[in-house]
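A.B. asks: let me see the structure of the following:
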Amino acid sequence: MYTVWVEDGLGCRASDPVLITVDNSCIDGRFDPANAFSPNGDGRNDEFVIRYIGPQTVDRVRIYNRWGELLYETEDPEVHWNGVFRGKLLDPGVYVYYLEGLCEDNKTFLHVGNVTLVR
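C.D. replies: Numbering: from 1, shown residues only. Okay, here's the model as predicted:
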């Protein structure tokens with residue numbers, strides 16, 4: 001419990017208690033996906049890889065373009081995206097990913113981020 005105090009330029013004061021609670025029953029952990037990858041076939045950083053600590057499972061990875069079109073989806077986070085959609089190499093750009101899964105207490109989580117594809 002915290003009490004917040006404010007005072008205006010005329011010296012009038014007011015306060016209000018604020019209760020802050022932390023719900024750590026379903027923390028989505030720490031995600032460390034690369035913020036960029038370069039699928040150019042050189043064997044280095046050719047795939048978008050999801051690394052995470054904390055959730056019990058990551059059950060689904062989805063990647064969308066800026067128009068909201070689903071480009072990639074997998075239920076196995078060990079299968080990595082290579083920047084290909086319908087058999088064609090995608091243009092450089094920023095893509096949005098969604099990770100869905102379960103926490104240790106079997107509550108679901110959703111983690112959203114973006115990754116830049118560089119050629």
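
A.B. asks: just after the lowest-mean-pLDDT helix or strand in the chain, pick out the following helix or strand.
C.D. replies: Least confident helix or strand of the chain, by mean pLDDT, DSSP states H and E, is strand 30-31 with a mean of 70. Next along the chain after strand 30-31, taking DSSP states H and E as the criterion, comes strand 36-37.

A.B. asks: Provide the strand pairings for that following strand, with the direction of each partner.
C.D. replies: strand 108-117 (parallel) (DSSP bridges).

A.B. asks: give me the buried positions along the partner strand.
C.D. replies: Residues of strand 108-117 classed as buried: F109, H111, V115, L117 (neighbour count, 16 or more other Cβ atoms under 10 Å). In short, each C-beta sits where N, CA and C put it, glycine included.

A.B. asks: ok, now which ones touch the last one?
C.D. replies: For L117, the contacting residues are A36, F37, S38, P39, F48, G83, L90, D91, P92, G93, V94, Y95, taking Cβ atoms under 8 Å, 6 or more residues apart in numbering as the criterion.
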